[in-house]
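J.: no FASTA, just this:
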């Protein structure tokens, strides 16, 4: 793994820790205990001012006293001390550190200055560090856990990057209950040095990690985030919960780690562009992330459902379809095979509903295996596998009837063989998830979980988990994201901008804006500027009737409302009248734009806006009268390739308009994609442009044409 | 409670059961055990062919041998026998029964006939019954549980109606874990007699029941469902999971109980009309239903968040805003009060983030109480209250350091006083919900749950629970749903339909359709029919230029594509040319419609469709070029009042167009509402009409006008 600072930081042969002692009510001690008790086989060097031994290991008075240069320094001490200690480790030759200490950038200006000092110290010694204000790391491969909570001790498959320490420490018992185990987990804290993208890149290259989950409050280098993710997501799924999109979310996140949030609509587009699956709850992040990591990939979208109860089966089928999965009725042949194992009135169609009182083995092994063998399903969901959990509930009621049998004796009657049940997904390379209203108190749930088969406590979640696998299938099969190189700056465009800047314009006029777009090959309406009535008529004749006349000057907004726009002029006389009217309204000798008038039809909004952390982003939206009311829009960061532009079209609710639509031909996709790609390139070539608004792009026949445009200068 | 069959069925003084014995592997025995062991104090009469005693109670050989007429008969026997036994109970004088037996309508034609027999028997003896194919009932008020699973024995507040037996029996252990307790629960099975709406009505009138949850696969009498729900929902919340909306969901539901499903878009509108909150997962149904039942109502939408950890606090804040709740920054005064109890760098703004290591009492009692006292929050969410659960995890790591203390000794150090924590919502009448990654193994979670404070295992769910309370606040504050009486049938309308029927038309012509609408006062464009060129010119002069000419005949669809529509005619000469063109295209002497041409602007789709179970339903949608691509539509069942029509406007994503919009005046709402209400009335008055499609209704200035219309006859 080349140059990623975490490849060494996560695999230290020795760790020195400052802040751990023998008092278990101190946070530092808890961090130390997790390392010492978790099974880590490397060296552990506690530094302590008084104690001889800390957590059973020889303690050292000072950094300088250490018997060797530790690979990793871990600091859980007040902020001032952390800076000083980092310098001491740097001097000693330690190259990696985790700074748990809080009280830096997240607390205001004073803290920000301390964080700068921390960074300077690290840089001066060539050190790389995680934090400050983080909880540490887990690396299950070497049984290393530096957080405050005991880990599961199991080798996991899910990699985790979190901008909240909670999600790699407080939740460990919860995850253990759910059978979810991290391969590696990284709390990135304030990201003063090593950041979220480094962590993502590291997990992308880590072989043990089969899927990556990210708890995200905001990114600081959006472009790098996208590029790193795009390299990973064709071969390894990434799933994200983003919580910075609302005002309160952004405020809370800011106060928490000081990260940079942005609106939901932006992040939605960015995450799609990156090939990342977005979820809304941490439960989904973990459980669907785990399904992605632990189960075989979905090869198609046909789901077989096996249930012992109608309601959950129906709910699963309904949730599958909401998630774009199919629940096809099984073939007569398959149904006949299934019927040999189920009651006469049970349903074999799919869902296969065994009804209540059958051997759980038929439900969890026999029927699922027949379905997997049939080739009629790409994924299977089993609801209701249960035994001991149910029996424990019944026991108080039936004990007397059974001659006061003990609970243990009673349960032993229901011991099951789980071998087939838990081996199915790997035997057939078909994903299997389960749903049950029992937790680990039931032996089916426990066995499923222990063998990496997710069990959900609401049937619909099982369907959504497989729908997440389907999302990833689509990402895996994305068109290649090749991007053409940036073209050269067009001299004409440069000249237009330079002239406008010289005139101190804040915006380009419509004419200038469209000329600028045209300089990069974006199709615009045929326009001419006229400074006299005669010139206007001549322009109209050259452009071809019908024409539009518009008063044209920089900084004239709302032209329509001001009476400066005259549509549908079909004769020289009408042009003359319109010209006079514009001049009268404008009250100034402003130039008049004579433009080609396209027939009304499909209208789009296309634009470019610069966002903090992401730079120029291209927007595509539905235009027309209802555009504002509908806000059917989508964003991508520039540069973007044609495949990414194509995905923007798919994002629109109104995407049917790009096809043949109400007698109109299909839109020339190649032309529209080129327009979007070019707009992004243009923004990258001209940092002097703050914003571009092309409203509308009309579809003329099949061709997109920029009919009005506004370029705002920075 | 007048006439509701469940008021007696749910409160029997004596129960006879057939199908229970002393073999605990039989379902009937499990049903019997739940009654006998659950604390029910009424009489229990088992009927058994051989046993002297069943479950410790004297058994009887036959129905005729019973010592008294039981209030309730419960049958868990094969279908044929069930019919026979029901008759015997009827003869004896028993008026209520629960038929658990399956194998009726849900299994096909043969079963359907058996179900008819069952109904006939019941009717002949004036009996009312639940089922067949149901799991029974729970009435916690009298500790009666007739299902197969032991109940919690606690008096609950949530009423449940389910079309799947699973959700009132298999889930009981799950619900006990989550601290959710039913007041009463009813498995309605095939609804051969007592149906889902009866159960809803019963729970609506039941004082113990504070909120009602429904698992819904489909309704058979949609109109009665709406009316009963509308009486309940202004004073008691109702929450529904509907699973019949997809093809697979409908198929599974059908095979399961044979209930009548319909598309999601229809049920979405119907449930809103009924004042019912819709959720997508059974977990939400239970947990948000329980929040509605157990917590005080929300009086405003300001939420205070208290957390010991940044990530969950941020996620909660974000989810609150997504749920239309506010997370306002607290006033400086309140923040000052809060700061006295928190660390210097902790955040007091809202979320109040205490950061990691504080006394849980400050988190769960001190800070929430200050917030409740302040008047600055209408609801409070607390994340991270924990003690023993966390300590049990830490124990293996710290035991040695603490001199090998026992777990019990260790935990006793962290015993907490929960009195304030769990009494807050009732003391201040402000809802409080909690979020924790620990389950009942933690004493905070356990105490919260035992005192009716919901605890969610993903922080976002806590926010969504309060958002559900906000939805109910809006329903409680709905405008009154008064409905005007149906008008008399308009003779003109009757004549138009009669004439068309006589001519064997399948549809009315555009002219006839608009005349029919106009007969009920729906505004239509000024139109005239012309049968000659001269008449067309005269009509155009009367209607006023510009006009539209359209070839007009029944059964001519796609007029535009066939060249039968000529728009924007501004002179007599243009009218003549258009008239000739239409006649030429039509190839027949069809009448020509000369219609007023309105300026293009806001366009709507309005229609009427009849749906199984619901009858005539009124549709409102966004019109215009993009209508098909956007499908921004909403439905309500007729009759509907103006308040219900007003809510349809609110459903549209494009609802901003009803306000002042791009220089156009606000739509005359009263006129538009009247149009929708009238369309529903018209459908009720004319069952001969199958479908009405008004496309478009254009907004002329502020006035809605039907510009084109098609009436399809039944």
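T.: Cool, got the structure. Being a predicted model, the structure only gives us computed values, none of them experimental. Numbering: from 1, shown residues only, chains lettered A, B, ... in the order given.

J.: list the buried residues in stretch A:660-672.
T.: If you call a residue buried by 16 or more other C-beta atoms under 10 Å in any protein chain shown, then stretch A:660-672 has these buried ones: A:661, A:667, A:668, A:669, A:672. In short, each C-beta sits where N, CA and C put it, glycine included.

J.: wait, residue A:195 touches residue A:220, no?
T.: Yes: assessed by C-beta atoms under 8 Å, residue A:195 is found in contact with residue A:220 at 6.7 Å.

J.: can you find the helix or strand of chain A with the lowest average pLDDT?
T.: helix A:247-257 (a mean of 66; mean pLDDT, DSSP states H and E).

J.: picking up where we left off before, return the member of the buried residues of stretch A:660-672 nearest to chain B.
T.: Nearest to chain B among the buried residues of stretch A:660-672 is residue A:661, at 6.9 Å by C-beta to the nearest C-beta.

J.: returning to what we had before: give the next helix or strand downstream of the least confident helix or strand of chain A.
T.: Using DSSP states H and E, the helix or strand that follows helix A:247-257 towards the C-terminus is helix A:264-274.

J.: for that next one, buried residues please.
T.: A:264, A:266, A:267, A:268, A:269, A:270, A:271, A:272, A:273, A:274.

J.: follow-up on the earlier one: the buried residues of stretch A:660-672: which ones sit near chain B?
T.: Among the buried residues of stretch A:660-672, the residues lying close to chain B (C-beta under 8 Å from any C-beta of the partner chain) are residue A:661.

J.: in strands, which of the buried residues of stretch A:660-672 appear?
T.: Counting by DSSP state E, no part of the buried residues of stretch A:660-672 is found in strands.

J.: which stretches of the stretch 201-350 of chain A form strands?
T.: Counting by DSSP state E, counting those that start in this stretch, the stretch 201-350 of chain A has strands at residues A:211-216, A:238-242, A:277-279, A:303-307.

J.: run the chain-centre distance for the strand ranked longest in chain A.
T.: Using DSSP E to define each element, chain A has its longest strand at strand A:689-700. Distance of strand A:689-700 from the chain centroid (C-alpha atoms, centre = their mean, to the nearest Å) equals 28 Å.

J.: can that strand be said to contact chain B?
T.: No: in terms of C-beta under 8 Å from any C-beta, no part of strand A:689-700 sits within range of chain B; the closest distance is 11.0 Å.

J.: give me the contact list for that strand.
T.: A:497, A:513, A:517, A:598-610, A:623-624, A:664, A:667, A:675, A:679, A:682-683, A:704-714 (C-beta atoms under 8 Å, 6 or more residues apart in numbering or on different chains).

J.: wait, residue A:197 sits on residue A:222?
T.: No: with contact defined as C-beta under 8 Å, residue A:197 does not reach residue A:222; the gap is 9.4 Å.

J.: could you pull out the helices for the stretch 601-714 of chain A?
T.: For the stretch 601-714 of chain A, applying DSSP state H, counting those that start in this stretch gives helices covering A:627-630, A:642-651, A:669-685.

J.: output those helices in TSV; the columns should cover mean pLDDT and distance to residue B:284.
T.: Below are the helices of the stretch 601-714 of chain A laid out as TSV (pLDDT from 0 to 100; distance: least, C-beta to C-beta, whole Å):
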stretch	mean pLDDT	distance to residue B:284
helix A:627-630	87	28
helix A:642-651	97	27
helix A:669-685	97	39
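
J.: so which of those is nearest residue A:119?
T.: Comparing the helices of the stretch 601-714 of chain A by their distance to residue A:119 (C-beta to C-beta), the top pick is helix A:669-685, with 28.9 Å.

J.: low-confidence stretches in chain A?
T.: A:1-2, A:249, A:252-259, A:356-358, A:554-561 (pLDDT under 70).

J.: which segments of it make up each domain?
T.: For chain A, whose domains are defined here by automatic domain parsing, the residue ranges read A:5-292, A:297-476, A:526-596, A:603-713.

J.: between the buried residues of helix A:264-274, which is nearest chain B?
T.: residue A:264 (8.4 Å).

J.: ok, and the closest non-adjacent residue to that closest one?
T.: What sits nearest to residue A:264 in space, not counting adjacent residues and going by C-beta to C-beta, 6 or more residues apart in numbering or on different chains, is residue A:245, at 3.3 Å.

J.: count the neighbours of that neighbour for me.
T.: 21 (other C-beta atoms under 10 Å in any protein chain shown).

J.: and if you look at residue A:27?
T.: Neighbours of residue A:27 (other C-beta under 10 Å): 15.
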